[in-house]
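Visitor: Take this sequence and fold it.
(chains A and B)
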There are 2 protein chains.
Amino acid sequence: MRGDLFDLEEERLGEEIKKRGAEVVLLQLPDGLKPLAARLASIVERAGASVIISGEPCYGACDVALAEARELNADLIIHYGHTMMLKDLDIPTIYFEAHAKISVEKAVRRAIGLLKPWRRIGLVTTVQHVENLEAARRILSSAGKEVYVGKASEILYPGQVLGCNYINAKVISSNVEAFLFVGGGRFHPLGLALATMKPVVAADPFEDRAYSLNGDAKRILKRRWAEIEEARKAETYGVIIGLKPGQKRLKEAFKVKKKIEEMRKKAYLISLREITDQKLRNFQEFEAYINTACPRISIDEASAFRQPVLTLKEAYVMLGEISWEKLLEEGII
Amino acid sequence: MRGDLFDLEEERLGEEIKKRGAEVVLLQLPDGLKPLAARLASIVERAGASVIISGEPCYGACDVALAEARELNADLIIHYGHTMMLKDLDIPTIYFEAHAKISVEKAVRRAIGLLKPWRRIGLVTTVQHVENLEAARRILSSAGKEVYVGKASEILYPGQVLGCNYINAKVISSNVEAFLFVGGGRFHPLGLALATMKPVVAADPFEDRAYSLNGDAKRILKRRWAEIEEARKAETYGVIIGLKPGQKRLKEAFKVKKKIEEMRKKAYLISLREITDQKLRNFQEFEAYINTACPRISIDEASAFRQPVLTLKEAYVMLGEISWEKLLEEGII
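Guide: Prediction:
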């Protein structure tokens, strides 16, 4: 059971509920932690509050269930699995980061062989493993590597990245020849490769294995360029506004709509909570979309969409306001 | 193009926007009308307002996009395709019913043969065809039928039904031997069969065809009973709260949770916007679900769910508070 893999801070959970005298708590978990929902809900109940578990997907700290909490008259949100990103929310929100309780050493040792061609290594991870980064660094150093860990943001731990934020990798990128990502899943190491265009090796401590992300980023970039070219031909665009609190860019959406109209083309604003091809297919007039919400949806799920769905940055390449080369230099994410 | 099939009241749309001085309009359409979104959005823009098209699904008047409008700072909701159900909403909402502009006569004539065994016929439709009900009645009368049209609710036109509300059929059910449903799709005639347990013939004016719903309702009821029996064995239940304004039954959800706990079993509340098997599968502790939102999701999509998802009424059968026979008598919807 995943409950043994993560530090759920169960004691702090009960204390926070009591201390704040919460009456109705909305409990929000990423899908991977939802199997633990009942266990955590029971703690909230024993601490004296009613609890409703959000059954909606949750992919990041950008996605705090504020609307849901308002609709349910919840007076406290308990958000698991991410570091705080949004401040001063109008419903009190407590973050539980759910650090992993497992060792990363075996996976990192397995990565050493794959890192053979390079000496200067950037070390990167998710919030789940920030406490283990020092252990990873020691193993790399012992293997003769020069290790760099970036710290460029107040909201991030040293070396920590988010699906949409690789600043801690970017600031050390010019110093290193390759990156080692420590953590589970392909989502973050792929983002790291796209954001830095450097070789990336991933060490997955949940599966005790290591692998390279050779070529994945290049393949994706080729596809992105093809989508920009295809989107260029459209006459009518849908500009997608994401409804998740940290993904909602109303001003940017209105602005890009105006830019498209200045080119004597048509653009309409569309609001979406989860962005799926099925929902977009209901519209028949839009030949291409600009996605002002999470850029990873455009990039990672391109093959899931029938029509081009450009990120905001890509839209400005299409509109001729920045060059493709400049975008690659800045990083597509 | 569907635009010619429905009366979109385009003139009234422009006038309402101007009259109210709306600044940001959220335009909400059922999926079947979404191909017309850009056309309607252009009218709103020409009337002087900004417009955002909701890309989320919308299945009924229960599903007014209030949370979405709040999140987008919209000051007016334009809701197409349904009659008003919810009053005194905290964001002004204008309903456009989108009556169909097509004749029902051919389809109704084709239904006469299928209605042969019965003389007393209940006539039922959706809001799209209420203006054509008189034409349908004349054809039935000419064919020697005794026609009944129910009117039992202030919010419904005579003979009108909703996916979750068949009161206009129920009030005439004891007078008739069979029902004729006029309209497109299987959703409403199936609900009619389940709500009344009478023979139902459907006349579809969009396809100019008629068909009987023989046996469908019985097959579904057999499955519902099997699900109740299976749910009875569960030890841990998820009680689903729907987030759509007209489907949110917080008190009912808390109440059924308490009833389950009184039987020394466990129950947890789960909030969901769209209820899908994929979302429920993230939870591993719940062996059965009680769905306090739209009952049609449980009934029509039973085969889509891996575990039993009972309606609220079915839950009370499971809990022994009402009998299955009584439920059938009242109508499962």
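Visitor: For the stretch 201-333 of chain A, which segments count as helices?
Guide: All helices of the stretch 201-333 of chain A, identified by DSSP state H, counting those that start in this stretch, fall at A:216-232, A:250-262, A:277-281, A:295-300, A:312-318, A:324-330.
Visitor: okay, now the domains of chain A?
Guide: A:2-98, A:105-213, A:217-330 (automatic domain parsing).
Visitor: can you list the residues of the stretch 101-250 of chain A near chain B?
Guide: A:Thr236, A:Ile240, A:Ile241, A:Leu243, A:Lys248, A:Leu250 (Cβ under 8 Å from any Cβ of the partner chain). In short, each C-beta sits where N, CA and C put it, glycine included.
Visitor: what do you get if the cut-off is 7 Å, keeping everything else the same?
Guide: Listed as neighbours of chain B in the stretch 101-250 of chain A under the rule Cβ under 7 Å from any Cβ of the partner chain: A:Thr236, A:Ile241, A:Leu243, A:Lys248, A:Leu250.
Visitor: ok, now which ones touch the residue in the stretch 101-250 of chain A positioned nearest to chain B?
Guide: With Cβ to the nearest Cβ as the measure, A:Leu243 is the residue of the stretch 101-250 of chain A nearest to chain B, at 5.4 Å. Contact partners of A:Leu243, counting by Cβ atoms under 7 Å, 6 or more residues apart in numbering or on different chains, are A:Ser271, A:Leu272, A:Arg273, B:Glu68, B:Glu71.
Visitor: dump the residue contacts of A:Tyr157.
Guide: Applying Cβ under 7 Å, 6+ apart, the residues near A:Tyr157 are A:Val127, A:Val130.
Visitor: hmm, try it at 10 Å
Guide: With contacts defined as Cβ atoms under 10 Å, 6 or more residues apart in numbering or on different chains, the neighbours of A:Tyr157 are A:Thr83, A:Glu97, A:Thr125, A:Thr126, A:Val127, A:His129, A:Val130, A:Glu131, A:Leu133, A:Val149, A:Lys151, A:Asn168.
Visitor: ok, now A:Gly48?
Guide: Taking Cβ under 10 Å, 6+ apart, one finds A:Gly14, A:Ile17, A:Lys18, A:Gly21, A:Ala22, A:Glu23 in contact with A:Gly48.
Visitor: Tell me which of those fall in helices.
Guide: Mapping the contacts of A:Gly48 onto helices (DSSP state H) picks out A:Gly14, A:Ile17, A:Lys18.
Visitor: will you turn these into TSV that also has distance to A:Val64 and neighbour count?
Guide: Converted to TSV, the ones in helices among the contacts of A:Gly48 look like this (distance: Cβ to Cβ, whole Å; neighbours: other Cβ atoms under 10 Å in any protein chain shown):
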residue	distance to A:Val64	neighbour count
A:Gly14	21	16
A:Ile17	18	23
A:Lys18	22	13
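Visitor: thinking A:Glu131 is in contact with A:Ala100, fair?
Guide: Yes - with contact taken as Cβ atoms under 10 Å, A:Glu131 and A:Ala100 are classed as touching, separated by 8.5 Å.
Visitor: shared neighbours, those two?
Guide: A:Asp7, A:Thr125.
Visitor: Have a look at these two and say which one is more surrounded.
Guide: Neighbours per residue, other Cβ atoms under 10 Å in any protein chain shown: of A:Glu131 and A:Ala100, the larger number sits with A:Ala100, 24 against 15.
Visitor: Just give the number of residues close to the nearest residue to the more buried one once chain neighbours are set aside.
Guide: Nearest in space to A:Ala100, with sequence neighbours left out and distances taken as Cβ to Cβ, 6 or more residues apart in numbering or on different chains, is A:Gln128 at 4.3 Å. Neighbour count of A:Gln128, defined by other Cβ under 10 Å: 25.
Visitor: for the one 5 residues further on, same thing?
Guide: When neighbours are counted by other Cβ under 10 Å, A:Leu133 registers 20.
Visitor: and A:Glu71, what is it in contact with?
Guide: A:26, A:65, B:66-67, B:70, B:241-245, B:248, B:250, B:271, B:273.
Visitor: In strands, which of those appear?
Guide: Residues of the contacts of A:Glu71 located in strands (DSSP state E): A:Leu26, B:Ile241, B:Gly242, B:Ser271.
Visitor: how far does stretch A:95-107 stretch from start to finish?
Guide: The first residue of stretch A:95-107 is 28 Å away from its last residue (Cα to Cα, to the nearest Å).
Visitor: Please disregard the earlier target; I meant stretch A:82-94.
Guide: Where stretch A:82-94 begins and where it ends lie 10 Å apart, using Cα to Cα.
Visitor: which parts of that stretch are buried?
Guide: A:His82, A:Thr83, A:Met85, A:Leu86, A:Ile91, A:Thr93, A:Ile94 (16 or more other Cβ atoms under 10 Å in any protein chain shown).
Visitor: go on, stretch A:283-301?
Guide: For stretch A:283-301, by 16+ other Cβ under 10 Å, it's A:283, A:285-300.
Visitor: tally of neighbours for the spatially closest residue to A:Pro92 that is not a sequence neighbour?
Guide: For A:Pro92, ignoring the flanking residues on the chain, the nearest one in space by Cβ to Cβ, 6+ apart is A:Leu76 at 5.3 Å. For A:Leu76, the neighbour count with other Cβ under 10 Å is 22.
Visitor: what sits against A:Leu76?
Guide: A:16-17, A:20-27, A:44, A:49, A:51, A:69, A:91-94.
Visitor: run the last query once more with 7 Å
Guide: So A:Leu76 contacts A:Arg20, A:Ala22, A:Val25, A:Pro92 (Cβ under 7 Å, 6+ apart).
Visitor: Report the beta-bridge partners for it.
Guide: Beta bridges link A:Leu76 to A:Val25 when assigned by DSSP bridges.
Visitor: do you know how far it is from chain B?
Guide: 14 Å (Cβ to the nearest Cβ, to the nearest Å).
Visitor: pLDDT wise, what is that residue at?
Guide: At A:Leu76, the pLDDT value in this model is 98.
Visitor: Measure how far stretch A:157-171 is from the centre of its chain, please.
Guide: Chain-centre distance of stretch A:157-171: 10 Å, with Cα atoms, centre = their mean, to the nearest Å.
Visitor: ok, now stretch A:253-272?
Guide: 26 Å.
Visitor: again with stretch A:273-293
Guide: Distance, centroid of stretch A:273-293 to centroid of chain: 20 Å (Cα atoms, centre = their mean).
Visitor: that older thread, format the helices of the stretch 201-333 of chain A as CSV; extra columns: mean pLDDT.
Guide: As requested, those are exported to CSV (pLDDT from 0 to 100):
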stretch, mean pLDDT
helix A:216-232, 95
helix A:250-262, 98
helix A:277-281, 96
helix A:295-300, 95
helix A:312-318, 97
helix A:324-330, 92
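Visitor: A:Phe6 is nearest to which of the ones you listed?
Guide: For the helices of the stretch 201-333 of chain A, proximity to A:Phe6 was assessed by Cβ to Cβ; helix A:295-300 is nearest, at 22.9 Å.
Visitor: same for the closest one, what does it pack against?
Guide: For helix A:295-300, the elements it packs on are strand A:309-311, judged by 3 or more Cβ pairs under 7 Å, 6 or more residues apart in numbering or on different chains; DSSP states H and E.
Visitor: hmm, try it at 10 Å
Guide: helix A:187-196, helix A:216-232, strand A:236-242, strand A:288-291, strand A:309-311, helix A:312-318 (3 or more Cβ pairs under 10 Å, 6 or more residues apart in numbering or on different chains; DSSP states H and E).
Visitor: for the stretch 151-300 of chain A, which spans come out with low pLDDT?
Guide: By pLDDT under 70, the stretch 151-300 of chain A has no low-scoring segment.
Visitor: cool, and the stretch 1-150 of chain A?
Guide: Using pLDDT under 70, the stretch 1-150 of chain A drops low at A:1-3.
Visitor: ok, which stretches of it are strands?
Guide: Here the stretch 1-150 of chain A has its strands, by DSSP state E, counting those that start in this stretch, at A:6-7, A:24-28, A:50-54, A:76-80, A:93-96, A:99-100, A:120-125, A:146-148.
Visitor: I appreciate the help and will end here.
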